[in-house]
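A.B. asks: Generate a structure from the sequence data that follows.
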Amino acid sequence: MTKYGSFPGARPRRLRTTPAMRRMVAEYRLHPADLILPAFVREGIAEPVPLAAMPGVVQHTRDTLRKAAVEAVEAGVAGIMLFGVPEDAKKDAVGTAGTDPDGILQVAIQDVRAEVGDDLVIMSDLCLDEYTDHGHCGVLDAEGRVDNDASLERYAEMAQVQADAGVHIVGPSGMMDGQVGVIRDALDQTGHEDVSILAYTAKYSSAFYGPFREAVGSSLKGDRKTYQQDPANLRESLRELALDLDEGADMVMVKPALPYLDVLAKIADEVDVPVAAYQISGEYAMVEAAAEKGWIDRDKAIWETLTGIKRAGAQMILTYWATEVAQKLR
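C.D. replies: The predicted structure follows:
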């Protein structure tokens with residue numbers, strides 16, 4: 001043995017020596033087409049309303065939503081997920097505004113479809129929480145509990161009006177048992193066989209939704225622990241996955257993203273349909289707040305979080321940074 005025998009023979013650092021080298025051997029790369037922009041459109045406002053907890057994100061007017069959709073197309077973003085925010089006076093116990101053909105989400109879908117056509121995949125949040133005066137994702141029974149099957153009837157109506165408005169994909173996010181099957185039947189029976197379903201397969205009851213509730217003007221009383229998943233459970237998400245696929249889901253999603261990368265990776269390994277992850281409002285807010293205080297490098301943190309989500313198995317990432325990141329990628 002020579003005096004040099006103690007040196008390592010394998011040196012992985014050789015592949016990290018320069019930016020060009022690291023770029024060449026990168027195992028995962030972000031692309032604009034990986035990204036979906038969540039966007040809020042609010043009824044009855046003349047100017048966009050900034051969200052205090054989400055710097056850089058606004059509640060759009062119908063006109064500024066159109067502009068945001070065009071910017072997303074120009075940046076190469078794959079899709080836009082629309083959330084409607086009705087006037088408070090239009091909220092009621094059953095979320096009537098959510099199934100009104102002239103409701104804010106339906107007219108917003110029409111606006112975006114008229115503006116960008118099929119150049120952007122138009123997706124809609126299919127849930128009642130924005131439209132109910134109690135803020136839950138379904139209708140309530142006489143005891144004040146969320147009534148699963150009565151909520152499904154409302155979801156079927158929502159699917160039809162959103163499809164009539166021109167949506168490409170509906171995203172049922174309420175976590176009611178059987179929601180995908182009921183929505184698939186409703187779409188098929190009303191001539192909307194080509195409208196896809198992005199199932200919120202694993203949507204956890206999370207502390208990270210806080211800023212989103214400002215974004216949609218939530219009227220929530222209580223919590224959603226009786227229908228959203230327990231953060232402690234992984235196998236439960238696989239049961240939800242099997243049910244959603246059996247009911248006709250075209251794509252599946254994990255929400256939130258960063259606290260549930262293990263769930264995302266497990267689901268991605270299990271399926272042969274596209275897998276999405278939603279980098280939610282609290283994840284966005286943490287990065288923006290820490291960057292504002294100078295505690296982290298904002299751009300590097302954004303890149304790292306999105307790369308981690310893709311590495312875990314997401315083919316599609318819903319993120320409020322979608323257009324910004326896509327512009328930089330191009």
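A.B. asks: alpha carbons only for contacts and neighbour counts from here, please
C.D. replies: Fine.
A.B. asks: ok, which stretches of the protein are strands?
C.D. replies: For the chain, the strands defined by DSSP state E cover 35-42, 49-50, 58-60, 79-85, 121-126, 169-172, 196-203, 251-255, 275-278, 316-318.
A.B. asks: Which of those strands sits closest to Asp262?
C.D. replies: strand 251-255 (10.3 Å; CA to CA).
A.B. asks: Need the residues that contact that closest one.
C.D. replies: Strand 251-255 is touched from outside by 197-204, 241, 244, 260, 263-264, 273-280, with contacts defined as CA atoms under 8 Å, 6 or more residues apart in numbering.
A.B. asks: so what strands line up beside that strand?
C.D. replies: Here strand 251-255 is paired, per DSSP bridges, with strand 196-203 (parallel), strand 275-278 (parallel).
A.B. asks: in the protein, which helix or strand is least confident?
C.D. replies: In the chain, the helix or strand scored least confidently by mean pLDDT, DSSP states H and E is helix 210-215, which has a mean of 73.
A.B. asks: burial measure for Pro19, as a count.
C.D. replies: Neighbour count for Pro19, taken as other CA atoms under 10 Å: 9.
A.B. asks: what about the helices in the stretch 1-150 of the chain?
C.D. replies: For the stretch 1-150 of the chain, the helices defined by DSSP state H, counting those that start in this stretch occupy 19-25, 62-75, 104-116, 148-165.
A.B. asks: can you put those helices in CSV and add mean pLDDT and distance to Ala186?
C.D. replies: As requested, the helices of the stretch 1-150 of the chain are exported to CSV (pLDDT from 0 to 100; distance: least, CA to CA, whole Å):
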stretch, mean pLDDT, distance to Ala186
helix 19-25, 94, 47
helix 62-75, 98, 28
helix 104-116, 98, 17
helix 148-165, 96, 5
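A.B. asks: Dump the ones you listed to JSON lines, plus distance to Gln229.
C.D. replies: Formatted as JSON lines, the helices of the stretch 1-150 of the chain follow (distance: least, CA to CA, whole Å):
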{"stretch": "helix 19-25", "distance to Gln229": "38"}
{"stretch": "helix 62-75", "distance to Gln229": "32"}
{"stretch": "helix 104-116", "distance to Gln229": "26"}
{"stretch": "helix 148-165", "distance to Gln229": "15"}
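A.B. asks: of those, which approaches Tyr320 most closely?
C.D. replies: helix 62-75 (11.4 Å).
A.B. asks: so how far is stretch 256-273 off the chain centroid?
C.D. replies: When C-alpha coordinates are averaged (CA atoms, centre = their mean, to the nearest Å), stretch 256-273 and its chain have centres 14 Å apart.
A.B. asks: Tell me which residues of that stretch come out buried.
C.D. replies: For stretch 256-273, the buried set under the neighbour-count rule, 16 or more other CA atoms under 10 Å, comprises 256-258, 260-261, 263-268.
A.B. asks: which residues are contacting it?
C.D. replies: Here stretch 256-273 makes contact (CA under 8 Å, 6+ apart) with 203-204, 206, 208, 234, 237-238, 241, 250-252, 254, 275, 277-280, 283, 305, 309, 312-314.
A.B. asks: Just the CA trace of it, in PDB.
C.D. replies: Extracted in PDB, the C-alpha atoms of stretch 256-273 (Å, rounded to 0.1, in the frame of the first residue of the first chain):
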ATOM      1  CA  PRO A 256     -50.000  20.700   1.000                       C
ATOM      2  CA  ALA A 257     -46.700  19.800  -0.700                       C
ATOM      3  CA  LEU A 258     -43.600  20.300   1.400                       C
ATOM      4  CA  PRO A 259     -44.900  18.800   4.700                       C
ATOM      5  CA  TYR A 260     -46.100  15.700   2.800                       C
ATOM      6  CA  LEU A 261     -43.300  14.900   0.300                       C
ATOM      7  CA  ASP A 262     -43.300  11.300   1.600                       C
ATOM      8  CA  VAL A 263     -47.000  11.000   0.700                       C
ATOM      9  CA  LEU A 264     -46.300  12.500  -2.700                       C
ATOM     10  CA  ALA A 265     -43.500  10.100  -3.400                       C
ATOM     11  CA  LYS A 266     -45.500   7.100  -2.300                       C
ATOM     12  CA  ILE A 267     -48.500   8.100  -4.400                       C
ATOM     13  CA  ALA A 268     -46.200   8.800  -7.400                       C
ATOM     14  CA  ASP A 269     -44.800   5.300  -7.100                       C
ATOM     15  CA  GLU A 270     -48.300   3.800  -7.000                       C
ATOM     16  CA  VAL A 271     -50.000   5.300 -10.100                       C
ATOM     17  CA  ASP A 272     -49.800   5.600 -13.800                       C
ATOM     18  CA  VAL A 273     -51.800   8.800 -14.000                       C
END
